[in-house]
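**Student:** this one's sequence-less:
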């Protein structure tokens, strides 16, 4: 039940999206588009993908009623879509499995990826190990420092992790560097982009692979609660977990869709990563979308406690959903996300990723003013083991 | 006839090939950009390719990335660069100037405002790395209205349909990227470039420039045997990086002169 057939043939969601890349990559993207158009409806491809999601990832991921936390907050009942229980600990694997199956069919022996929090890097290294492909992961050197457990995981899985020293040394610079690798090795290499950004067909392809989250939830919620939720809440960096859970629900107008960006030290401070809340449209990383930029069109440095949200752009479909009013985009601060992180640990025995903690924080904000028969579904996109160093050092503890 | 077309017509009469040096405006210092342009012309440059720095130069190697970072640290934006071109034009009305950069600074300024001001400043061509012909229809209309030549890249990976799209949209000259990779890479295959240029000429009547990976006079000379223009970027930017502010203009001038001499020998 889709309400629209976007993107169009040129990769546009309204004015957003497109293919803004150097000429060297144009043909590679055309080939990828054709391959994806072919395999997305190929029964054998779909069967292999579904089988891998079930037996390798462990899908379907459960929906869990956070009863004690809901009671503590008072108000709406909060349910969690447990993407943190997937193999490798986040939703990212849904997409890397899909793209790796595509890479294999396209005859590529080498995959590259960019990563912020390291979850997409781990998920890419994982599928590459399983398929016997060479894997190189680009990661900002700042992120290498704050996500060291994931760096080690990638290395154990046989991937080469390349710390990127240029620019702000975070996710956007890792993406630049992965693009440079792809330009140089375009014949042999498949670029596994981890979010719903980049040039067409990536935003569509990643959304499609991630929409398994929303499709499952759509079947699970009525079985558990007798109906669909009043609102779905997901964090938005590039926006893949949000797009994955939102997409199947776009046609159900009565379900509010709420994307939560990183307000960092506060939107007024300028130190945040909330382009949909405080940015303007422009062109970066192959697509037109909302960006954090200065008056000269230079991309400005972002800040978030969470490496996975520390990105100055956002997927073009979110830009379109914002303008069209179908989804709402809000922002929560580092501090609010941290409080939600600790609350979920203590009340539910679940250590959430700092990224997902942003979505939890917004749920905690609105639940108390809602009725007890109202339902919030939060996409718990990843687990927080990778963040224990960050949280410990904020508490003055060295591990 | 545009300055770029005039330039290529005159070179053809003299049986010479165009030398197009590149550097980033504002690197190493904004005050040195216009003197650098004049010095390049004095050394034998036919067209100046002026880089517009961008925070995320995805198609550039480390040398030009660093150059962009230096220029941005000097707070050089598109507006400042147009003012520099205007100043250059006070003493030079003949040498074409091509701006090379990325889409977002132009998006931020707005197409019409950019095209109007670029024309007024005396810019001749605009190369926007991440605007393939498919994505810049409205921008092309603005450029055409203001007599600015849209310059496009072609790559070893460009298939015939893409070459045709560029042939339809391009004016001035077409810039062939001589290798798969970022600017400043070193794995250049002359024979392959020669064969490819011959193929491109079946579809493209504009002059063909070659760039990416040309590092010295000998290579420029070899390229100029079959290309209409040779673009030298990273090698010049490297010279800028390694020179002191006092000597940088003279060092770049002598480098460009040595390449010119090799090409004409």
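**Tutor:** That came through, no problem. Note that the coordinates shown come from a computational prediction; the quantities given were computed from them, not determined experimentally.
**Student:** can you pull the pLDDT of the residue in the stretch 51-200 of chain B that chain A sits nearest to?
**Tutor:** Nearest residue of the stretch 51-200 of chain B to chain A: residue B:108, at 3.0 Å (CB to the nearest CB). The C-beta positions use only the backbone N, C-alpha and C, and glycine is treated the same way. At residue B:108, the pLDDT value in this model is 98.
**Student:** Name all residues that make contact with it.
**Tutor:** Listed by CB atoms under 8 Å, 6 or more residues apart in numbering or on different chains, the contact set of residue B:108 reads A:282, A:293, A:295-297, B:78.
**Student:** Among these, which one sits closest to residue A:152?
**Tutor:** residue A:293 (34.6 Å; CB to CB).
**Student:** Bridge partners for the closest one, pull those for me.
**Tutor:** Residue A:293 has these beta-bridge partners by DSSP bridges: residue A:299.
**Student:** Counting neighbours, what do you get for it?
**Tutor:** Neighbour count of residue A:293, defined by other CB atoms under 10 Å in any protein chain shown: 24.
**Student:** I'd assumed residue A:302 was in contact with it.
**Tutor:** No - assessed by CB atoms under 8 Å, residue A:293 is found out of contact with residue A:302, at 10.9 Å.
**Student:** so what's the single nearest residue of the stretch 151-300 of chain A relative to chain B closest to, chain neighbours aside?
**Tutor:** Taking CB to the nearest CB, chain B has its nearest neighbour within the stretch 151-300 of chain A at residue A:297, 3.0 Å off. Residue nearest to residue A:297 in three dimensions, not counting chain neighbours: residue B:108, with 3.0 Å by CB to CB, 6 or more residues apart in numbering or on different chains.
**Student:** in which helix or strand would I find the one you found?
**Tutor:** helix B:103-109 (DSSP states H and E).
**Student:** After that helix, which helix or strand is next?
**Tutor:** Later in the chain than helix B:103-109, the nearest helix or strand by DSSP H and E is helix B:111-121.
**Student:** List the buried residues for that following helix?
**Tutor:** Neighbour counts over helix B:111-121 (16 or more other CB atoms under 10 Å in any protein chain shown) mark B:111, B:114-115, B:117-119, B:121 as buried.
**Student:** Return the list of helices and strands in contact with it.
**Tutor:** helix B:78-89, helix B:137-145 (3 or more CB pairs under 8 Å, 6 or more residues apart in numbering or on different chains; DSSP states H and E).
**Student:** For the very next helix or strand once past it, give me every contacting residue.
**Tutor:** Following helix B:111-121 in sequence order, the next helix or strand is strand B:125-128 (DSSP H and E). Here strand B:125-128 makes contact (CB under 8 Å, 6+ apart) with B:4, B:49, B:96-103, B:106, B:118, B:136, B:139, B:143, B:148-153, B:171-173, B:175.
**Student:** I'd like the mean pLDDT over whichever strand or helix holds residue A:378, please.
**Tutor:** If you go by DSSP H and E, residue A:378 is part of strand A:375-380. For strand A:375-380, mean pLDDT is 98.
**Student:** pLDDT on the longest strand seen in chain A, on average?
**Tutor:** Taking DSSP state E as the criterion, chain A has its longest strand at strand A:256-264. For strand A:256-264, mean pLDDT rounds to 98.
**Student:** what packs against it?
**Tutor:** By 3+ CB pairs under 8 Å, 6+ apart, strand A:256-264 packs against strand A:231-235, helix A:240-246, helix A:275-278, helix A:316-324, strand A:327-333, helix A:334-348, helix A:354-366.
**Student:** quick one, that strand and strand A:231-235 angle?
**Tutor:** Here the directions of strand A:256-264 and strand A:231-235 differ by 30 degrees (axes from the mean of the first three to the mean of the last three CA atoms, to 10 degrees).
**Student:** List the buried residues of strand A:256-264.
**Tutor:** Neighbour-count burial for strand A:256-264 flags A:256-264 (criterion: 16+ other CB under 10 Å).
**Student:** Then stretch B:220-234?
**Tutor:** For stretch B:220-234, by 16+ other CB under 10 Å, it's B:220-224, B:226-234.
**Student:** so how far does it reach from one end to the other?
**Tutor:** With CA to CA, to the nearest Å as the measure, stretch B:220-234 spans 13 Å from end to end.
**Student:** what's around residue B:90, how many residues?
**Tutor:** 9.
**Student:** Quick check: pLDDT value at it.
**Tutor:** For residue B:90, pLDDT reads 98.
**Student:** returning to what we had before: out of the buried residues of stretch B:220-234, list just those in strands.
**Tutor:** Those of the buried residues of stretch B:220-234 lying in strands (DSSP E): B:229-232.
**Student:** which of those residues come close to chain A?
**Tutor:** Here nothing survives when these are matched to chain A using CB under 8 Å from any CB of the partner chain.
**Student:** And the residues you listed, which is closest to residue A:185?
**Tutor:** Taking CB to CB as the measure, residue A:185 sits nearest to residue B:231 out of those, at 23.2 Å.
**Student:** For the spatially closest residue to the closest one that is not a sequence neighbour, which residues count as its bridge partners?
**Tutor:** Nearest non-adjacent residue to residue B:231, counting by CB to CB, 6+ apart: residue B:211, 3.1 Å away. On the basis of DSSP bridges, residue B:211 is bridged to residue B:177.
**Student:** tell me the contacts of residue B:211?
**Tutor:** Per CB under 8 Å, 6+ apart, neighbours of residue B:211: B:20, B:22, B:175-178, B:183, B:230-233.
**Student:** 10 Å - rerun?
**Tutor:** By CB atoms under 10 Å, 6 or more residues apart in numbering or on different chains, the contact list for residue B:211 reads B:20, B:22, B:49, B:100, B:153, B:175-179, B:183, B:223, B:227, B:229-234.
**Student:** if we can go back for a sec, indicate which one of the helices and strands packed on helix B:111-121 is closest to residue A:201.
**Tutor:** Closest among these, using CB to CB: helix B:137-145, at 20.5 Å.
**Student:** Please say whether there is contact between that closest one and chain A.
**Tutor:** No - applying CB under 10 Å from any CB of the partner chain, one finds helix B:137-145 separated from chain A by no less than 10.9 Å.
**Student:** Quick check: mean pLDDT of the next helix-or-strand element following that helix?
**Tutor:** Proceeding N to C from helix B:137-145, the next assigned helix or strand is strand B:149-154, under DSSP H and E. Mean pLDDT, computed over strand B:149-154, is 98.
**Student:** And stretch A:36-45, by the same measure?
**Tutor:** Here the average pLDDT along stretch A:36-45 is 96.
**Student:** That one spans what distance, first to last residue?
**Tutor:** Terminal residues of stretch A:36-45 lie 10 Å apart, using CA to CA.
**Student:** got the buried residues for that stretch?
**Tutor:** Buried, per 16+ other CB under 10 Å, within stretch A:36-45: A:36, A:39-40, A:45.
**Student:** Closest one of those residues to residue A:116?
**Tutor:** Nearest member of the buried residues of stretch A:36-45 to residue A:116, counting by CB to CB, is residue A:36, at 24.0 Å.
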